[in-house]
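[1] just a sequence and a predicted model for now, questions to come.
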Amino acid sequence: MKFDWRIPLIILIIFSMIQFTGRIIPMPINIVIYTGYSMNPTINHGDILISVSKDILRCNVGDIVLCYNGYMQYISHRIVEVHEDKIIMKGDNTENFDPPITINDIKYKVIMIIPRNIWITLTIIPVITMIIVKHKELIELLKVHDENITPIIFIISTLTIISITPINDTPIQSVISNPSVELRCIKVLNHNQVIVKYNVIHTQMKAVEKCIFKVANKTLTLEAYLNGSDTIIIETPIELYQLAYRNHLEEINFKLKVVFDRGCLEGEYKYIINWRKLNTTIINKVLLIENPNYIPINLSSIRIVYINLNEAGFTELIDIDELNPITINPEENYELKIEGKAQYAYIEFRYNLLGVEIIERKQIDFTR
Amino acid sequence: MRENKLISQDKIIILISSISTIIYTAYILTIIFTPKYILSGVINGYIALLHSKLEYYNKTILIDFLSTIPILTIPILILAVYQISIAINVIINVYRGKVSVHMVKLMFGGGLASINICGLILGLFKILEQETTNLNLNLNYISSAGKISFGTTTIQIPQLMSIMTNQATIILATIIQTTIISIAYIHAQKRKT
C-alpha cells in the first residue's frame, strides 16, 4: 500500500488547531512541552505535560495546573493555597509565590509528565526509521512537489512546534527576590546608646558608613556599629544632650548611611527627648531623687528643716541642715538619708530645668 | 536535460538569487544569534533569540520565558540551514555549468517558507520585547527606612541590532529575498517549458 504523505500533515494541522483552541476554550486534553526551570525537579526543561480540563478533574492544593494567558503564554505551577476568591500558586523551584489568580484562570490539571529523554527517543526513532524505509517515496515526493512541499512542511512543522510549546510566562518576581529594608523602631536605650532596628529582607547589612547628628546647627559625627543582622547601635556622648538641653530642643535629628551587600541606605531619622522633672520618692525615711534626663542635673540647694509639734499644736523648729550642692548624673539616683532629729523633717531642694527654677518640697513623718 | 535549457542570462539570475539567499540566511542567523538586549545593573547579561545569560546580583538566574524562545527558534534555524545548503549547492552547480531547475524550485520553496518564518521571527522579537521590559528592575526607592539604593537595570539595544531587528527591515529583507528567488524561479520555469 502506498503511503500518503498528506495524512500525517493533515493530522498535524488538526492537532495544532485543537491545541490552539484549547488555550482559550478548554478541551478535554492538552499537551505542552514544558520549558523553563521553575518546576525543577518535578518537571524538567523539555518534559511533556499531559493535562486534562479542570472541568473533568477537580483541582486541589498540591496539584500542578496549567493557566493560559492568551494564545501564547502560560504558567504551570503547583497550587499551594486555595482561598474563597483567589488561588495562590508557586513553582517548586521558585523563591516566591506567584501573583494570586482566580479559579477561572486555571484551564488544565497536569496528570502526566513524560520525561524528555523518553519522548525524544520515542519520537526520533520512528521518524528516522520511517525516513529510511520510505526514502525513495520521499525523494519522489520532493521531485514531484518540489516547490510546494518545502513551504508546506515548514509551515506545518512550525505550527506544530508553536502549538505544543507555549511561552512559559512565570513572573520574574516569582523567580527573584527583591531586597527590601524597612524601619522597625528607634529606641533610646540610655543616655549613651540609641538603637535603630530594621526589617531586612533578602539583603545583609555590612557596615555603617556615616552617622551624623544635627543639633542646633552643629553637626556631630558619632560612632555607630552593627549589632546582629538588623540592628545598629549609636554611641551618644553626653555633649549631644547637653547641646540639645542648652538649646531647649526636644527633637534629635540624625542621618545614617548603611552599606548593604546589594547597595546602600541613607536614612534621616528623629527621636523625641522629654525633659522631665526629677522624680522623688520616700522609702524608709530615705529620700530618693531620680534624674530621668540624659544630662546631669545640679541641685543648687538642699535644705532640711526639722520640726516638732508641741502639745499646744504649735511648731517648734529643732534644726536646719544646709547641704552642699550636688549633681545627679543622667539616669542615676541620689539617696538622701534623713536623721530622726525631730518629729518631722521638711526637705527642700532647688534645681534648674530648661531655664526655670524648680523648688521641690517633701515631708518625712518620724512619728509613724 | 533540464539544465541544458538554461541560458547564461538565467544562470546569472540564479546565481544572484543564490547569493541573495546566502546573504538573507546570514542576516537571519545573525539576528537570532546576536544578543538584542544588553542588560547591566541589578540584572546583568544579554538576551538573544537563541541564547541568553542573566545574572541577578552576580548570581546566574534562569528565566522561564528565555528557555522557551530558543525552542521556538528551531524552525528558523532549520530553514536557514536548508536554504543555505540549497543555495551553496546551486552556486557550485552553476560553476560546474549544470544548473538544475529542480534545485531552483527547492530554493523557491525555501523562499516561500521564509515568508512564514518571517512572521515567526517578528512574533518572537515582539514577545522578547514584552518580556524583557519586565526585567527593567528599579530597586532605588524610598521606604520607611529612608532612601534605598539597591540599583537599577539598564537595558540597551545595540544600534546595529536595533536596525537589523526592526520590523520593517525584517519584512523588507524577506520581500526582497522572495522576489529575487521568484524571478529566478519564473525564469527556470520558462526555460523548462
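    Looks like it arrived, so ask away. The structure presented is a predicted model; accordingly, all values stated were derived computationally and were not measured.
[2] CA atoms only: put stretch B:177-184 into PDB for me.
    C-alpha atoms of stretch B:177-184 as PDB (Å, rounded to 0.1, in the frame of the first residue of the first chain):
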ATOM      1  CA  GLN B 177      14.700  37.800  -1.000                       C
ATOM      2  CA  THR B 178      11.400  36.200  -2.000                       C
ATOM      3  CA  THR B 179      11.100  38.500  -5.100                       C
ATOM      4  CA  ILE B 180      14.700  37.600  -6.300                       C
ATOM      5  CA  ILE B 181      14.000  33.900  -5.800                       C
ATOM      6  CA  SER B 182      10.700  34.200  -7.600                       C
ATOM      7  CA  ILE B 183      12.300  35.900 -10.600                       C
ATOM      8  CA  ALA B 184      14.900  33.100 -10.800                       C
END
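[3] need the contact partners of stretch B:46-53.
    Identification of contacts with stretch B:46-53 by CB atoms under 8 Å, 6 or more residues apart in numbering or on different chains yields B:31-39, B:45, B:54, B:60, B:63, B:66, B:69-70, B:73, B:76-77, B:121, B:124-125, B:128, B:132. All C-beta atoms are positioned from the backbone trio N, CA, C, and that covers glycine.
[4] mind listing what's buried in it?
    Within stretch B:46-53, the residues scored as buried using 16 or more other CB atoms under 10 Å in any protein chain shown are B:Tyr46, B:Ile47, B:Ala48, B:Leu49, B:Leu50, B:Ser52.
[5] ditto for stretch B:71-85
    Residues of stretch B:71-85 classed as buried: B:Ile71, B:Leu72, B:Thr73, B:Pro75, B:Ile76, B:Leu77, B:Ile78, B:Leu79, B:Ala80, B:Tyr82, B:Gln83, B:Ile84 (neighbour count, 16+ other CB under 10 Å).
[6] with stretch A:344-352 instead?
    Buried residues in stretch A:344-352 (16+ other CB under 10 Å): A:Tyr344, A:Ala345, A:Tyr346, A:Ile347, A:Phe349, A:Tyr351.
[7] let's have those residues in CSV, adding pLDDT and secondary structure.
    Converted to CSV, the buried residues of stretch A:344-352 look like this (pLDDT from 0 to 100; DSSP: H, G, I helix; E, B strand; the rest coil):
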residue, pLDDT, secondary structure
A:Tyr344, 89, strand
A:Ala345, 90, strand
A:Tyr346, 91, strand
A:Ile347, 91, strand
A:Phe349, 91, strand
A:Tyr351, 92, strand
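[8] of these, closest to A:Thr123?
    A:Tyr351 (93.4 Å; CB to CB).
[9] please name the bridge partners of the closest one.
    Beta-bridge partners of A:Tyr351, counted by DSSP bridges, are A:Leu299, A:Ile358.
[10] I figured it hits A:Ile358, correct?
    Yes. Under the criterion of CB atoms under 8 Å, A:Tyr351 lies in contact with A:Ile358, with a separation of 5.8 Å.
[11] anything in contact with each of those two?
    A:Leu278.
[12] and the residue in the stretch 201-350 of chain A positioned nearest to chain B, how many neighbours?
    At 2.7 Å from chain B, A:Gly267 is the closest residue in the stretch 201-350 of chain A, using CB to the nearest CB. Other residues near A:Gly267 come to 22 when the count uses other CB atoms under 10 Å in any protein chain shown.
[13] and what of B:Ile183?
    By other CB under 10 Å, neighbour count at B:Ile183 equals 14.
[14] once you drop chain neighbours, what's closest to it?
    Closest residue in space to B:Ile183, ignoring its immediate chain neighbours: B:Ile13 at 6.2 Å, by CB to CB, 6 or more residues apart in numbering or on different chains.
[15] what is the burial count for the one you found?
    As a measure of burial, B:Ile13 has 19 neighbours, counting by other CB under 10 Å.
[16] now do the contacts for the residue in the stretch 51-200 of chain A positioned nearest to chain B.
    Using CB to the nearest CB, the closest approach of the stretch 51-200 of chain A to chain B is made by A:Thr150 at 2.8 Å. When contacts are counted by CB under 8 Å, 6+ apart, A:Thr150 touches B:Tyr82, B:Leu106, B:Gly109, B:Gly110, B:Leu112, B:Ala113.
[17] contacts only, for the residue of the stretch 201-350 of chain A closest to chain B.
    A:Gly267 makes contacts with A:Leu183, A:Lys255, A:Leu256, A:Val258, B:Ala145, B:Gly146, B:Lys147, as judged by CB under 8 Å, 6+ apart.
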